[in-house]
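Trainee: how would this look folded up:
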Amino acid sequence: MARWGKAGFLDRQQVYRWETERRVPTEWLPFIEQVLQLDLSGENEAPFADTVASVMCLGGRDVLDRRQFLTASAAVGLAALDLPDAEAVTRRANRPGPVAVGMGEVAAVRTMTTTLGDVASELGGGHARHLAVRYLTIDVKRWLDGRYADKVGRELFAATSELVHLIGWMARDEGNHGLSQQYNLYSYRLAAEAGENELAATALRGLADQAIDLGHIPTAVRLAEACEQRGRKLTNPKALAYYRNTFARAAAADGDHTTAAKLLTFAQTAIERAPTQPGQSWASHYSHGRWAHEAGMIHAQMGSLAAAEEHLHLALDIHGLDRKRTRAIVLADLGHVQLKRGNIAQALATWSEFFDCADGVQSVRINDGLTNIAARLPGLPDSPAAAELGERITARG
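Mentor: Predicted coordinates:
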């Protein structure tokens, strides 16, 4: 739509102002709604951008160009700390729409999210993200634009938040951090607008954890603290352990080992009170094995290698991680810890098991593990085990 120097046409600066929410496209709004198949009624009078419309625009671009890479930034994560739109659900509820929506549609979204999440957990986020995005932008969009009461609307927003969070996790697992940040931000806003405190805290947790990986440590600390503060209102012990371990990881990355150690203790107390069976929510799937893995890596960050190895063995041997992707990631980390402790033979054996688990998994975490092993292998003494690993690296490449 953007062209330079002709009356009746837009210029790129105008479009940029819309994208950055500095201007509202008043006279062009009907054309935008028609081209993008959006319903933005009521948005001009609202002080907030419509989260549903925004996430559908993001998903639409994602469908058209699955190779798009957005730049990750600390500012995107911090945007989650802004006040949510308290009237978002109310504006969409009880209005005319093309289809009637009830709790059956909400249940369908949650079932699809669980199914797609199971596939991604086993085989990596690269396997099914395009399916999740199409489901969001076609089926879920039709229901969000439909007719529903306020109560159903809040449940639908919450279910959509879970699906969007999964898509963000998938994008991150593919290595597309900028796209992942955007989805996680919208997941948070949808959850906050629905009044779902646990879902909102989980989205903040995802943004905080990602900020650590990106090296945005001050941002990570702020997001992790906000997440943990929201979590204090919850009674779900798995959620408490989940959020406090993330805050501990951020504190450790920031060099605050005292706070990190205290939060690790709080997280352990919470997970010890948690049932072993997973619940319904994302945070309720936080297992004892995942807690042990994350705690082990926090100990490694703080230089406590013996405690790190103990926790990683706990994750693998006692609580048994049954997902190929997750188990492979833990094995890669365990091998690095063993190598740092001088146990070369153990590290090589652990990495050999990593290759067995990683076969067929599409995940940037697996690729990172492979790259790190390949970088360390030339510095190790020659041995049959090292030679075999070298051959497997070459074959996988």
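
Trainee: Quick one: the helices in the stretch 151-300 of the chain, in order.
Mentor: 177-194, 197-214, 217-231, 237-253, 257-272, 288-301 (DSSP state H, counting those that start in this stretch).

Trainee: could the ones you listed be laid out in a markdown table, adding distance to Arg91?
Mentor: Backbone N, C-alpha and C define where each C-beta goes, glycine included. Formatted as a markdown table, the helices of the stretch 151-300 of the chain follow (distance: least, Cβ to Cβ, whole Å):
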| stretch | distance to Arg91 |
| --- | --- |
| helix 177-194 | 10 |
| helix 197-214 | 19 |
| helix 217-231 | 24 |
| helix 237-253 | 29 |
| helix 257-272 | 37 |
| helix 288-301 | 38 |
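
Trainee: Quick one: closest of those to Val76.
Mentor: In terms of Cβ to Cβ, the element of the helices of the stretch 151-300 of the chain nearest to Val76 is helix 177-194, at 4.5 Å.

Trainee: by how many degrees do that closest one and helix 217-231 diverge?
Mentor: Counting by axes from the mean of the first three to the mean of the last three Cα atoms, to 10 degrees, helix 177-194 lies at 30 degrees to helix 217-231.

Trainee: Counting by contacts, list what helix 177-194 packs against.
Mentor: Contact here means 3 or more Cβ pairs under 8 Å, 6 or more residues apart in numbering; DSSP states H and E; on that basis helix 177-194 packs against helix 51-64, helix 74-78, helix 88-92, helix 150-173, helix 197-214.

Trainee: Can you check which of those gets nearest to Arg325?
Mentor: Counting by Cβ to Cβ, and looking across all of these, nearest comes helix 150-173 at 8.2 Å.

Trainee: thinking again about what came up before, could you redo the helices and strands packed on helix 177-194 as TSV and give each row distance to Asn245, mean neighbour count and mean pLDDT?
Mentor: Below are the helices and strands packed on helix 177-194 laid out as TSV (distance: least, Cβ to Cβ, whole Å; neighbours: other Cβ atoms under 10 Å; pLDDT from 0 to 100):
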stretch	distance to Asn245	mean neighbour count	mean pLDDT
helix 51-64	28	20	91
helix 74-78	18	19	75
helix 88-92	31	21	90
helix 150-173	17	24	97
helix 197-214	9	25	96
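
Trainee: Redo those helices as CSV? Include distance to Val109.
Mentor: Converted to CSV, those look like this (distance: least, Cβ to Cβ, whole Å):
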stretch, distance to Val109
helix 51-64, 13
helix 74-78, 25
helix 88-92, 15
helix 150-173, 4
helix 197-214, 13
